[in-house]
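1. how would this look folded up:
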Amino acid sequence: MYHIGELIKKYHIKVVGIEVTGGVGQVYLEQLERQFNRVLFEAIRTTGDSKPIMISNIQLALEKEQLIYPSNCPLVDELLSFRRSGKKLEAATGKHDDTVMGTAFALTISPLFKENKRGIFGGIQL
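-> Model (predicted):
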């Protein structure tokens, strides 16, 4: 909690998305909301319906060249090992999907797919 708070202060964060599906996310969300009342906290729920939409948003952002990342970013390897297993979307056995899901969460709360006042889509940089 302390480190998250320090990042919010250091970078003057305006919006924070926290996954609340399972784990301690809901507790973090509630505690951070109390501590940082000028920051908008959004609960992110990963479900069988929401996860494919989140992954599609990554794909769309990449296709539109709206998602910029360094060449050594682990996102590339994780996307290459990300797959559908039955009805689930997940990393291949022995691989990770933390960067993929972190990117999906960032896009979920970003204005990337929302039109601004000029009707121009924004972009996000990792």
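2. now the strands for this structure?
-> Across the chain, reading from the start of the chain, the strands by DSSP state E fall at 15-19, 40-44, 67-68, 82-85, 88-91, 124-125.
3. same for the fourth one, what does it pack against?
-> The reference is to strand 82-85. Contact analysis of strand 82-85 by 3 or more C-beta pairs under 8 Å, 6 or more residues apart in numbering; DSSP states H and E lists strand 88-91 as its packing neighbours. C-beta coordinates here come from the backbone N, C-alpha and C atoms, glycine included.
4. The residue most central in space within the chain: what's it in contact with?
-> Most central in the chain under C-alpha atoms, centre = their mean is residue 105, positioned 1.6 Å from the mean C-alpha point. Residues near residue 105 by C-beta atoms under 8 Å, 6 or more residues apart in numbering: 17, 19, 44, 54.
5. residues in contact with the third one?
-> To tie it back to what came earlier, the one meant is residue 44. When contacts are counted by C-beta under 8 Å, 6+ apart, residue 44 is found next to 17, 18, 19, 20, 21, 105, 108, 109.
6. One more: residue 55?
-> Taking C-beta under 8 Å, 6+ apart as the contact definition, residue 55 lies against 82, 89, 100, 104.
7. Pick the one among these closest to residue 37.
-> Closest approach between those and residue 37, by C-beta to C-beta: residue 104, at 27.0 Å.
8. which residues touch that closest one?
-> Under the criterion of C-beta under 8 Å, 6+ apart, the contact partners of residue 104 comprise 51, 54, 55, 57, 58.
9. Compute the distance between it and residue 59, please.
-> When C-beta to C-beta, to the nearest Å is applied, the distance between residue 104 and residue 59 equals 10 Å.
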